[in-house]
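In: predicted model, plus sequence, below.
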Amino acid sequence: MLSKSQISLLTSLQHKKFRREHGLFLVEGYKSICEFVDSHYHIHTVYHTPDIAPKLLKLSQKINFQEISLSELQKISGLKNPADAIASVNIPQWPGLNHVNLKNKFSLVLDGVQDPGNMGTIIRTADWFGITNIICSEDSVDAYNPKVVQATMGSLARINITYTDLDDFISHINLPVYGALLNGENIYTNNFGFEGLIVMGNEGNGIRPSIQQLVTKAVTIPRIGNAESLNVAIATAIFCSEAVGKSYK
């Protein structure tokens, strides 16, 4: 049975302020929780209903399990239809960005991406293409937002997320910087090489001017139809496919 203080703590994790204060975030659903078991993330507690207990025996015995009722699960869940289990997971304290570790690979840089669904899809896409580092501007949506975590479908467990001052970070790195910009080189003819930063901008405003000045090559996805714009998560998937896919060949 959950105490009032436990319920208060767990429901507070729906908000960024309290996630930072307690150093915890929530992962909902058995499948997603499993992704975090063997990752660099530390699972604090798994709260579950009795019917899923047999499945949990397959997980690490080092994890703290707490059986709760369905009504209690509904109280702490952020979903309309709660999953079978919810885990509180420690937010990792990432070391400072090591520029050497970004060599010989592609990394994503997100400048002001605000929508949780877009962020979650981008993280999942990065995982698909083997991109392990995502560097975000400090005004980007929190990667541990419950909607973001849900949208990643467990991929967050394999991605290093760092928030930093992008102007300072990019200006001090010796790597190609590819920016998703209008009037850039056609993405399908551009040579991405084998390493670099791929910068994607805000949903409405794109890459901010100060970051544009640091881009070494502007790249665009040519518009063939009549759509006004392309969703940033979809655009990121195309960039990842072209950059990583070509280097993979």
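Out: Sure, I can see it. Numbers count the residues shown, from 1 in each chain.
In: kindly check the end-to-end length of stretch 211-221 for me.
Out: 19 Å (CA to CA, to the nearest Å).
In: can you name the residues in contact with it?
Out: If you take CB atoms under 8 Å, 6 or more residues apart in numbering as the criterion, stretch 211-221 is touched by 111, 166-167, 170-171, 176-187, 190, 199, 201, 207, 230, 235, 238-239. Using the backbone N, CA and C atoms, a C-beta is placed for each residue, glycine as well.
In: now, the residues you listed that are in helices?
Out: Cross-referencing the contacts of stretch 211-221 against helices under DSSP state H gives 166, 167, 170, 171, 235, 238, 239.
In: distance of the first one from residue 187?
Out: When distances are taken as CB to CB, to the nearest Å, residue 166 and residue 187 turn out to be 22 Å apart.
In: neighbour count winner among these two?
Out: residue 166 (25 against 19; other CB atoms under 10 Å).
In: residue contacts, that one?
Out: 109, 111, 135, 137, 211.
In: need the per-residue pLDDT for it.
Out: Per-residue confidence (pLDDT) for residue 166: 97.
In: quick one: it from residue 201, how far?
Out: Relative to residue 201, and taking CB to CB, residue 166 is found at 11 Å.
In: any common contacting residues for those two?
Out: Common neighbours of residue 166 and residue 201, counting by CB under 8 Å, 6+ apart, are 111, 211.
In: what lies in contact with the helix or strand bottoming out on mean pLDDT in the chain?
Out: Lowest mean confidence among the helices and strands of the chain (mean pLDDT, DSSP states H and E): helix 53-56, at a mean of 88. Here helix 53-56 makes contact (CB under 8 Å, 6+ apart) with 30, 46, 48, 65, 67, 85.
In: low pLDDT regions in this structure?
Out: Counting by pLDDT under 70, the chain shows low-confidence ranges at 95, 247-249.
In: tell me where it has helices.
Out: Here the chain has its helices, by DSSP H, at 4-12, 16-22, 30-37, 53-56, 70-76, 116-128, 146-152, 166-171, 209-212, 232-248.
In: how about these in JSON lines, adding distance to residue 219?
Out: Converted to JSON lines, those look like this (distance: least, CB to CB, whole Å):
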{"stretch": "helix 4-12", "distance to residue 219": "42"}
{"stretch": "helix 16-22", "distance to residue 219": "32"}
{"stretch": "helix 30-37", "distance to residue 219": "32"}
{"stretch": "helix 53-56", "distance to residue 219": "45"}
{"stretch": "helix 70-76", "distance to residue 219": "44"}
{"stretch": "helix 116-128", "distance to residue 219": "17"}
{"stretch": "helix 146-152", "distance to residue 219": "25"}
{"stretch": "helix 166-171", "distance to residue 219": "16"}
{"stretch": "helix 209-212", "distance to residue 219": "12"}
{"stretch": "helix 232-248", "distance to residue 219": "7"}
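In: residue 222: which of the ones you listed is closest?
Out: Between residue 222 and the helices of the chain, the shortest gap by CB to CB is with helix 232-248, which sits at 10.7 Å.
In: nearest to residue 11 among the contacts of residue 166?
Out: Set against residue 11, the nearest of the contacts of residue 166 by CB to CB is residue 137 (28.6 Å).
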